[in-house]
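Enquirer: Sharing a model that was predicted from the sequence below.
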Amino acid sequence: MNWQRVWRSLRAEFGRSPMAKLGVVLILAVFLMAIFAPFLATTNPKAQDLSRANEPPVGFTDTTEDTRLVDGERQTVTVTTRGTLEYPLGTNQLGQDMYSRLLYGARTSLLVGLLGTAIAALAGVSVGIVAGYYGGRVDDGLMRFADVMLAFPALVLAIALIGLLGPQPVDIPDPFVAAGLVSDMPETTVLPVTVTLVVALVNWVWFARVARGEALSVREKNYVKASRSLGASDWRLMLKHVLPNSLTPILVLATVQVAVIILLESALSFLGFSGTTLSWGFDISQGRDLLATSWWISTMPGLAIVVTVIGINLVGDWLRDALDPDIEGESGGGMG
Amino acid sequence: MRLTRFLLRRTAQGILVVWGVITLVFLLRFITPGSTIDFVAPLDASPELRQRLAEDLGLNKPIYVQYADYIVNLLQLDMGNSLLKGRPASDVIFARLPATLELAIAATIVAILFSIPLGVISATRRHQPVDYGATGFSLIGISTPNFWLGIMLILIVGVNLGWLPTSRRIIGFGPALELLVFEGRTIGIQVWFEHILLPSITLGTYFTALITRLTRNGMLEELGQSYVEVTRAKGLPETLVKYKHVLRNTMIPIITVLGLQMGTLIGGAVITESVFNWPGLGTLIIDAINSRDWPLIQGSLIVIGVGFVVINIVVDALYMYFNPQVTFE
Amino acid sequence: MSDDVILRVSDLSTRFFTTDGQINAVESLSLEIEEGEVFGIVGESGSGKSVTARSLIRLIESPGRITSGTIEYRDADLADDLREDHPGAVDGEFVDLLAIPEKIHRGLRGTSFSMIFQDPESSFNPSLTVGEQIAEAVEVQRRASSNPRSTRARTRSSEYSLRSYAAAAVLPSRGYVSSESKDRAIELLQQVGIPDPEQRVDEYPHEYSGGMLQRAMVAQALAGEPDVLVADEPTTALDVTIQAQVLDILRDLQEETGMTILLITHNLGVIARMCDRVGVMYAGEIVERGSLGDIFDRPTHPYTQGLLGSIPDLDAAGGRLQPIGGNVPSLLDAEMGDRCYFADRCPKAMEECLEKPAEYPAEGTDDHAAQCYLADHPYEASQALPEDYFEESEPP
Ligand SMILES: Nc1ncnc2c1ncn2[C@@H]1O[C@H](COP(=O)(O)OP(=O)(O)OP(=O)(O)O)[C@@H](O)[C@H]1O
Ligand code: SF4
Ligand SMILES: [Mg+2]
């Protein structure tokens, strides 16, 4: 693989496409949000202040009717709450700051998205290479298994596994807090291990298919046959020839898969299967019953997901247009 | 003939896949921490009671015997009794199935109805406002989580505008149709329609967006093929060139991708049901998992797996129909 | 053969506006083709032959555009029909094909003129049967001739009803094509020498061999009984024996129906075998024209001379043109300059050739002319450009 050529066509396409630029800007923004969440956050996202519950975002006012005792009589009074800069995106029913929760939600999404994709890619590529390289029975067996995996809609399988295994959250210490650079912020970020493993488990198949196709074609190349007959070990051959050839399609696929996995994670959190409460999907589910009164609780985290996934998809389009790999299927997102 | 042979072959393969699904589903119970009996037996059950329950459910037998029993029972459509509802799991599942099917079919109709014309218009008016609109819509559409879209629809159309009910489904399509046919009353269909509209948009949007994108890109690619010019040179009306020739060939990649996305449709249905309290398989499976209702969990997973296999055979047959070059070995 | 001009092309320019720059694929080209003749266009690869052919049928698509010129087609009935609504397009019996609306033009395609395309393999829709595609061409003609007097009726009758769109996309053989057309397609396949036409008619392009596809292509082009047939390298893709067969078929049909053929080829053997008159194309221009005898016996343009000099045996299969050192220019506007485009390869380039020559009449028939100073006056060795002149000024 000629990295220089790859780089050149990436740059050329980037220069040509305003959408690619937008995508990169969006993704950078989300990354910065996630990494520097402790500095950007104004309030501890877990801190509750019930006296400030359900406040609207800044610039909005919220009118509710309340029954109170005035001079010993029951009266219906209209209460008007004005959004303040203290809680720029409003608060939820526990009086938690939606803005700070949004920042920390980005951490969960990216953590699961990137880690899940990495695991899926690693597993999928290994299986795919083995299947494609050995062919025959090994290939048949592994690919039938992949078919069975595909037969399970990813979301359903994920729900089943997480529901049965439990979320198994692991606390990762926040380096900034540990270093004493910020205080009053959560000391750990929760990595929902089951969710991460499960999203990888249900998505590795895509990588396997791509890698297998590549391995199948490389296997037939003469130089591979030749070095094989010279007694080169199978694994060395595969790593040396198949892997570099499949990198471009895998890169494009991985980008798209990050989007898919982020959407999947948000769906799982929404259904209450994730094991962390600092997640966009979880926040959306929190606002669901308060739609009539506090629309912002569900709206804001949803917008964050949409913006993030649009960014990733735009970058995916950029890579696809620039590198033009021949991969099967266009999976931009989706819930399953 | 080509089609029949293909269908036979594909059905055989499908049965194999279903068998794999059944096996996985069966094994699921053994990788789960905690024994089933803990979930079935009352908290204060005596060891004797637990023992008897376990024997009744066959939980004490060796795993391969349980497996064999399981398969034999399944062949008789016996999925065991739902622990939660005390009724045969198959009854519970099949009672919920129509709602899910209605939703999936309605969403598919929504998607096809809007996406293909939009994609065609977008491709034929490239770099015009419609094209930008359609491209923007499809980008947003494939990037929006559908549960959130559902909530936003409820918020805007249901709560703020008050145009559509936000309550859960009241009547199925079957009963609604009966009402229309036997009593001549349209109210049933109307209520059915009002309730299915938002869920089907919610579930259908991702596919509308995806197919729009595929149609547009596919048409553009196909329009560059030289046979298109030949077809024009014959003097064939442009509409025929676009629809009979170009769109028809564009269907081939569309169907391929749709085949790969069928799992997404089913997963999307599960979560859409949960947003709208839709009484289908999706909500059933979530309830079943939360209460560890094993027969119900296993049964629903198998039914979903079978559904997926069937849909895929249909998709492959369509693919075959549109692409005469395919022979499937 | 009549002497009436049926197609009169003047000052035709077609350009492509690509990201690399503007390509002048056809440059101010003029041409007259007479009814019933076979006119040949010969030239190296990349000289703009196919673009000329496509321009004649108005099939240039973005990023290309016909930027100037007229293509006048003689059809007295059509001229009468259009005189009122499109006075600017009509000149006596001639109609300017570039000045009429697309809809009317489409009504002429297939029936007034049709085209055989260069590459048969990619010229058929892979997912419809060959028969279906030929039958479409027949159907276009059938519907048009149901009211031959009115152009507008012609175009309207070939429109397809809206509600059938979807059906047409899904069900290939429903709707447009009638069973008569299907039968006619079988006849046509028979005519071009396809064995078992009844069976072949229902086969798909991938089930045909290259030679059979080329014949099917001829059948398709002839389906509408066109007055003018543009044949773009109808035999290049074929092996020698099949080449000869296809050419014979074309020749026979031409004699039978009296249609006019514009034959485009690399192959001088094909020209010699088929054509009455010839135009030699170089870098988007016709650099020499004349009768077959003019071109073969009295070539005036050094390019033509080079082409002929390189052909040991005209009927040989390898009569491909690779005659003269150097390459056809890229046709990029920025690199063209205003000299004679051939000067950098011309063994007789003179100082005056740094300015573009006009077209001068040449020795032979009245038609014989060449875009070269040598047609006007003899070569003057004293004026010759130094041999390495272009190597210095134009790095490769
Ligand atoms: N669609 C297009 N876009 C850009 N440039 C084009 C296009 N079609 C043709 N050209 C350019 O026009 C020029 C002439 O091409 P054309 O196909 O007419 O050559 P030709 O004489 O038919 O060659 P050949 O013998 O190989 O068929 C070429 O330089 C080509 O690059
Ligand atoms: S004009 Fe001059 S350079 Fe051009 S062909 Fe004639 S002699 Fe050669
Ligand atoms: Mg050509």
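Expert: All right, it came through fine. Residues are numbered from 1 along each chain as shown, chains lettered A, B, ... in the order given. Ligands and ions are numbered 1, 2, ... in the order given.

Enquirer: going forward, measure contacts and count neighbours with C-alpha atoms only.
Expert: Fine.

Enquirer: I'd assumed C:D11 was in a strand, is it?
Expert: Yes - C:D11: assigned to a strand according to DSSP: H, G, I helix; E, B strand; the rest coil.

Enquirer: what sits against B:G218?
Expert: When the contact criterion is CA atoms under 8 Å, 6 or more residues apart in numbering or on different chains, the partners of B:G218 are B:250, B:253-254.

Enquirer: Mind picking the lowest-pLDDT entry from those residues?
Expert: Lowest pLDDT among the contacts of B:G218: B:P253, with 84.

Enquirer: Dump the helix or strand where that one lies to CSV, restricted to CA.
Expert: Take DSSP states H and E as the rule and B:P253 turns out to sit in helix B:248-260. C-alpha atoms of helix B:248-260 as CSV (Å, rounded to 0.1, in the frame of the first residue of the first chain):
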residue,chain,number,x,y,z
ARG,B,248,-34.1,-0.8,-12.8
ASN,B,249,-30.4,-1.3,-12.7
THR,B,250,-30.0,0.9,-9.7
MET,B,251,-32.3,-1.5,-7.9
ILE,B,252,-29.6,-4.1,-7.8
PRO,B,253,-27.2,-2.3,-5.4
ILE,B,254,-30.1,-1.0,-3.4
ILE,B,255,-31.4,-4.4,-2.8
THR,B,256,-28.0,-5.7,-1.9
VAL,B,257,-27.6,-3.1,0.8
LEU,B,258,-31.2,-3.5,2.0
GLY,B,259,-30.5,-7.2,2.4
LEU,B,260,-27.6,-6.3,4.7
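
Enquirer: Could you point out the helix or strand that follows that helix?
Expert: helix B:262-276.

Enquirer: just checking, what's the longest helix in chain C?
Expert: helix C:240-257 (DSSP state H).

Enquirer: what's the offset of that helix from the middle of its chain?
Expert: Distance of helix C:240-257 from the chain centroid (CA atoms, centre = their mean, to the nearest Å) equals 17 Å.

Enquirer: again, but for stretch A:241-251
Expert: The chain centre lies 23 Å from the centre of stretch A:241-251; the measure is CA atoms, centre = their mean.

Enquirer: From A:L197, how far out is B:T32?
Expert: 15 Å (CA to CA, to the nearest Å).

Enquirer: higher neighbour count, the two?
Expert: Using other CA atoms under 10 Å in any protein chain shown, the more surrounded residue of B:T32 and A:L197 is A:L197, with 19 against 15.

Enquirer: Look at residue 245 and say how many residues are nearby.
Expert: By default, I'm working from chain A. A:N245, neighbours per other CA under 10 Å, totals 18.

Enquirer: that's the other chain; I wanted chain C
Expert: 16.

Enquirer: Sketch out the strands for the stretch 101-250 of chain A, chain order is fine.
Expert: Assigned by DSSP state E, counting those that start in this stretch, the stretch 101-250 of chain A shows strands spanning A:169-173, A:188-192.

Enquirer: Quick one: closest of those strands to chain B.
Expert: Judged by CA to the nearest CA, the one of the strands of the stretch 101-250 of chain A that comes nearest to chain B is strand A:169-173, at 15.9 Å.

Enquirer: That closest one to strand A:188-192, inter-axis angle?
Expert: Relative orientation of strand A:169-173 versus strand A:188-192 (axes from the mean of the first three to the mean of the last three CA atoms, to 10 degrees): 150 degrees.

Enquirer: Kindly export strand A:169-173 (C-alpha atoms) in PDB.
Expert: Taking C-alpha atoms only, strand A:169-173 is exported to PDB below (Å, rounded to 0.1, in the frame of the first residue of the first chain):
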ATOM      1  CA  PRO A 169     -19.400  -1.000  34.600                       C
ATOM      2  CA  VAL A 170     -15.700  -0.300  35.200                       C
ATOM      3  CA  ASP A 171     -14.600   3.000  36.600                       C
ATOM      4  CA  ILE A 172     -11.800   4.700  34.800                       C
ATOM      5  CA  PRO A 173     -10.100   7.500  36.800                       C
END
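
Enquirer: Quick one: list the elements packing against that strand.
Expert: strand A:188-192, helix A:193-219 (3 or more CA pairs under 8 Å, 6 or more residues apart in numbering or on different chains; DSSP states H and E).

Enquirer: repeat that with 7 Å
Expert: strand A:188-192 (3 or more CA pairs under 7 Å, 6 or more residues apart in numbering or on different chains; DSSP states H and E).

Enquirer: can you list contacts of the strand it packs on?
Expert: A:108, A:167-174, A:274-276 (CA atoms under 7 Å, 6 or more residues apart in numbering or on different chains).

Enquirer: Give me the sheet partners of that strand and which way each runs.
Expert: strand A:169-173 (antiparallel) (DSSP bridges).

Enquirer: give me the number of residues near C:A370?
Expert: For C:A370, using other CA under 10 Å, the count is 28.

Enquirer: what about stretch C:133-147, near chain B?
Expert: Yes - Stretch C:133-147 is in contact with chain B by CA under 7 Å from any CA of the partner chain, via C:137, C:140.

Enquirer: Next to ligand 2, which bits of chain C? Give me the list.
Expert: Taking CA under 6 Å from any ligand atom, the part of chain C that reaches ligand 2 is made up of C:301-302, C:340, C:342-343, C:346, C:348-350, C:353, C:357, C:372-374.

Enquirer: Reformat those residues as CSV; add pLDDT, secondary structure and neighbour count.
Expert: Shown next, in CSV, are those (pLDDT from 0 to 100; DSSP: H, G, I helix; E, B strand; the rest coil; neighbours: other CA atoms under 10 Å in any protein chain shown):
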residue, pLDDT, secondary structure, neighbour count
C:H301, 93, coil, 25
C:P302, 91, helix, 22
C:C340, 91, coil, 21
C:F342, 90, coil, 21
C:A343, 88, coil, 21
C:C346, 87, coil, 20
C:K348, 86, coil, 19
C:A349, 88, coil, 26
C:M350, 89, strand, 20
C:C353, 90, helix, 23
C:P357, 92, coil, 20
C:C372, 93, coil, 26
C:Y373, 93, helix, 21
C:L374, 91, helix, 20
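
Enquirer: and which of those is nearest to chain B?
Expert: Chain B lies nearest to C:F342 out of those, by CA to the nearest CA, at 30.8 Å.

Enquirer: Find the nearest non-adjacent residue to residue 146, please.
Expert: Using chain A. Nearest non-adjacent residue to A:A146, counting by CA to CA, 6 or more residues apart in numbering or on different chains: A:V205, 5.9 Å away.

Enquirer: my question was about chain B
Expert: Nearest residue to B:N146 in three dimensions, chain neighbours excluded: B:T202, at 5.8 Å (CA to CA, 6+ apart).

Enquirer: Then C:G46?
Expert: Spatially, and ignoring its direct neighbours in sequence, C:G46 is nearest to C:V328 (6.8 Å; CA to CA, 6+ apart).

Enquirer: Over to A:D171?
Expert: A:V190 (4.6 Å).

Enquirer: what helix or strand is residue 15 on?
Expert: You didn't pick a chain, so chain A it is. A:G15 is part of helix A:3-16, with elements assigned from DSSP H and E.

Enquirer: actually chain B
Expert: If you go by DSSP H and E, B:I15 is part of helix B:2-31.
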